[in-house]
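> here is my input, please return the structure:
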Amino acid sequence: MLPHNSKKKMLTVRAVTHSLLLLVTTTTLLTVECFAQTAPSQRWPLLEAGLGQKGPGQRLAAVRVLGLIPDDPHAAELAENALKDTNSAVRAAAATALGQMHVSSVSASLKQALNDKNLSVVMAAAHALRSLNDPVCYDVYYEVYTGERKNDIGMIAQEMKVLHDPKQLAEMGFNEGIGYIPFAGIGWEAWQTIMKDKKDGAAAKAALISVLATDPDPRTGKLLLTASQNRNWILRVAALEAIAKRGDPSLLSGVEPRLCDSKREVRFAAAAAAIRLADAAQARATAETKMAQATPSAGTKEPQVTNDALETSK
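Just a heads-up that it's a prediction; the model follows:
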């Protein structure tokens, strides 16, 4: 016969077990009921309800996942509408989602978002336009890097001294948006340099330099040469890498002085850039020579077929 205390403990264990089984059963039933309620016809209403919530956090969560639905006009429409949200984080997420969808029909709305007062929205729209291969994104990158507003474009209504505002730099999410990690492959010393100069936005500047590599505007080549002389060696390396990818032989003379840079990583980057630009120059010269040989000169006349020759051929 069990002691009184043992019986009491067994009854307690049975009660707890029963409660757990009841809880599991209830949870399962609720899950089944929820699944039944979220049938295919309820999928869009679920997202639409999230986008219409009063709390910006819920709207943000809903708009972010729209980027997972490519080639869907309704998803694109919802994200495009979210570009007008009162919350800047939601607007930025909407621009990002549109870029992930690769919806070219919303280019006009994304360009309008470039006038947003919040820099994170501007950069998200620029990243989205870059994914759509729209060169207007380079105007934004150039302007943000230099801190200037181009009068001939006037794309951003407000003067944005972004590179002097660490908080805005952190909000921009360059590494996530552009996919550039300036210290990749360079090592621990580069990481330390970036962290030491984080108030100057070294990582964000390097990211901007990276995306400017493919900007066809000649003025950007000059900007990159200037950046290759920056006091921060991370930016010098980023600029030289961008110059190499740009493949413009006219920049070769500006790269060569960096072969004597005090920093080993910069010297290596300069050497690689110089080799690539020299190869590009050689390839261009070869192509021009072949073209010249294939094109008849102005003084060369095509042989004329005479009537006698025609008669002879008959």
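> does the helix or strand containing Arg59 pack against any helices or strands, and if so which?
In this structure, Arg59 sits in helix 56-64 according to DSSP states H and E. Packed against helix 56-64 by the contact rule (3 or more C-beta pairs under 8 Å, 6 or more residues apart in numbering; DSSP states H and E) you find helix 43-51, helix 73-82, helix 88-101. Quick note: C-beta positions are derived from backbone N, CA and C, even for glycine.
> can you put those helices in TSV and add mean pLDDT, distance to Phe268 and mean neighbour count?
Shown next, in TSV, are the helices and strands packed on helix 56-64 (pLDDT from 0 to 100; distance: least, C-beta to C-beta, whole Å; neighbours: other C-beta atoms under 10 Å):
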stretch	mean pLDDT	distance to Phe268	mean neighbour count
helix 43-51	87	49	14
helix 73-82	93	43	18
helix 88-101	91	34	25
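> among the ones you listed, which is nearest Glu143?
With respect to Glu143, and counting by C-beta to C-beta, the nearest of the helices and strands packed on helix 56-64 is helix 88-101 at 17.2 Å.
> next, the angle helix 43-51 makes with the closest one.
Counting by axes from the mean of the first three to the mean of the last three C-alpha atoms, to 10 degrees, helix 88-101 lies at 150 degrees to helix 43-51.
> what about dumping the CA coordinates of helix 88-101 to PDB?
Included here for helix 88-101 are C-alpha records, laid out as PDB according to Å, rounded to 0.1, in the frame of the first residue of the first chain:
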ATOM      1  CA  SER A  88       9.600  55.500 -43.800                       C
ATOM      2  CA  ALA A  89      10.600  51.900 -42.900                       C
ATOM      3  CA  VAL A  90       7.500  50.600 -44.700                       C
ATOM      4  CA  ARG A  91       8.300  52.700 -47.800                       C
ATOM      5  CA  ALA A  92      11.900  51.500 -47.900                       C
ATOM      6  CA  ALA A  93      10.700  47.900 -47.500                       C
ATOM      7  CA  ALA A  94       8.200  48.400 -50.400                       C
ATOM      8  CA  ALA A  95      11.000  49.700 -52.600                       C
ATOM      9  CA  THR A  96      13.100  46.700 -51.700                       C
ATOM     10  CA  ALA A  97      10.300  44.300 -52.500                       C
ATOM     11  CA  LEU A  98       9.700  45.900 -55.900                       C
ATOM     12  CA  GLY A  99      13.400  45.400 -56.700                       C
ATOM     13  CA  GLN A 100      13.300  41.800 -55.700                       C
ATOM     14  CA  MET A 101      10.300  41.300 -57.900                       C
END
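> contact partners of that helix?
56, 59-60, 63-72, 75-76, 79-85, 106, 109-110, 113, 116, 118, 120-121, 123-125, 127-132, 177 (C-beta atoms under 8 Å, 6 or more residues apart in numbering).
> so which of the helices and strands packed on helix 56-64 gets nearest Gly254?
Taking C-beta to C-beta as the criterion, Gly254 comes closest to helix 88-101 out of those, the separation being 33.2 Å.
> could I get the average pLDDT for the very next helix or strand once past that closest one?
Next along the chain after helix 88-101, taking DSSP H and E as the criterion, comes helix 107-113. In this model, helix 107-113 carries a mean pLDDT of 95.
> give the buried residues for helix 107-113.
Of the residues in helix 107-113, those buried under the neighbour-count criterion (16 or more other C-beta atoms under 10 Å) are Ser109, Leu110, Lys111, Ala113.
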